[in-house]
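Asker: Just the structure for this:
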Amino acid sequence: IIAARNEEDNLYRNLPKVLAQDYPEFEVIVVLDQCVDDSIHIIRAFQKDYPHLRYIELERNKHRKFGKKLPLTIGIKGAKHKKVLLIDADPQANATSGLGINVDEIQIGTYQLLEHTKAAGETIINTSSPNVDLIPAHIDLVAIEIELVDKDEREYMMKKAIGDLRAIYDYILIDCAPSLGLLTLNALTAADSVIIPIQCEYFALEGLGKLLNTIKSIQRIHNPELDIEGMLLTMYDSRLRLSNQVVEEVRKHFSDMVFDTIIQRNVRLGEAPSYGESIIKYDASSKGATNYLNMANELLKKNREKV
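Answerer: Here you go, the predicted model:
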């Protein structure tokens, strides 16, 4: 981040170009705070040769409102980026609405993808995050399990539909419904690995055993290459004895399969979806954002070691 506050601060004239040249794998973001007008033309000229160079101009009132949080948010966005596709395979469409998409306006999405009535590329929409695309869901998705039940190879509908997208995206994430129906079965058959979120509550432990049995069945019948990426402990409250007991039990029985990062209960995490924003955009300095960033870094590190 290069903050140019006045005409005498000339860092923004040359440093962005140097960063863009030396670090092509990074997205360089320049913050222009109360700059002279010609600075914008300079940055735009750089962008022609370096498309991963972006600039953001802050208005004074916005700068005062966000204080130190906005540069931190932009810094996180400027980190080494991956191209990600999020597939919302949950009829509740929380992943869709959580990214600021009006679910009621969705005409094409996961439903058409699984029905094979639309090509995968036609179901993808852009989001406010530059490296994140979305295949949205709608409440109509509840009918897909009934409509697919009589079709041949119904468990492979998603795998067939998204096969060509693997070459386009670094990661394809499928948000599953909290059930073990045909939708979840399609997602697990299409996936290379699965992340299992575990709430630090008693009933979550009961459901974990059933999910693991389902995964074993899918590995045996539909997807022998399916791997468990890890178990992610969520909604942890250190003040509650039950939360600590769940963490202890899960780590004792599954040890290396559990992510080191624990997602703690955080008010900001609950607020962010109501504004249609990710926690990184909503409040990058919050404990919830820090937890998820640590988890993302742990996941990336784990995948680098696999390669």
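Asker: Just the residues contacting stretch 232-245, thanks.
Answerer: The contact list for stretch 232-245 (Cβ atoms under 8 Å, 6 or more residues apart in numbering) reads 195-202, 246-247, 250, 258-259, 261-265, 295. Glycine gets a C-beta too; all of them are placed from N, C-alpha and C.
Asker: Write a PyMOL command that selects only the buried members of these.
Answerer: Buried members of the contacts of stretch 232-245, defined by 16 or more other Cβ atoms under 10 Å, are picked up in PyMOL with:
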select buried, resi 196+198+199+200+201+246+247+250+258+259+261+262+263+264+265+295
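Asker: if you look at the contacts of stretch 232-245, which of them are in helices?
Answerer: Judged by DSSP state H, these include 202, 246-247, 250, 295 as members of helices.
Asker: Distance to residue 183 and pLDDT for those residues - can I get that in a markdown table?
Answerer: Putting the ones in helices among the contacts of stretch 232-245 into a markdown table (distance: Cβ to Cβ, whole Å; pLDDT from 0 to 100) gives the following:
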| residue | distance to residue 183 | pLDDT |
| --- | --- | --- |
| 202 | 26 | 85 |
| 246 | 27 | 91 |
| 247 | 29 | 92 |
| 250 | 26 | 92 |
| 295 | 24 | 89 |
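Asker: Out of the residues you listed, which comes closest to residue 98?
Answerer: Taking Cβ to Cβ as the measure, residue 295 is the one of the ones in helices among the contacts of stretch 232-245 closest to residue 98, at 16.7 Å.
Asker: Quick one: residues contacting that closest one.
Answerer: 232, 259, 261, 263.
Asker: Max pairwise distance over those: which two?
Answerer: 259 and 263 (9.1 Å).
Asker: in a strand, that's where residue 231 is, yeah?
Answerer: Yes: according to DSSP: H, G, I helix; E, B strand; the rest coil, residue 231 belongs to a strand.
Asker: How much space separates it from residue 295?
Answerer: 11 Å (Cβ to Cβ, to the nearest Å).
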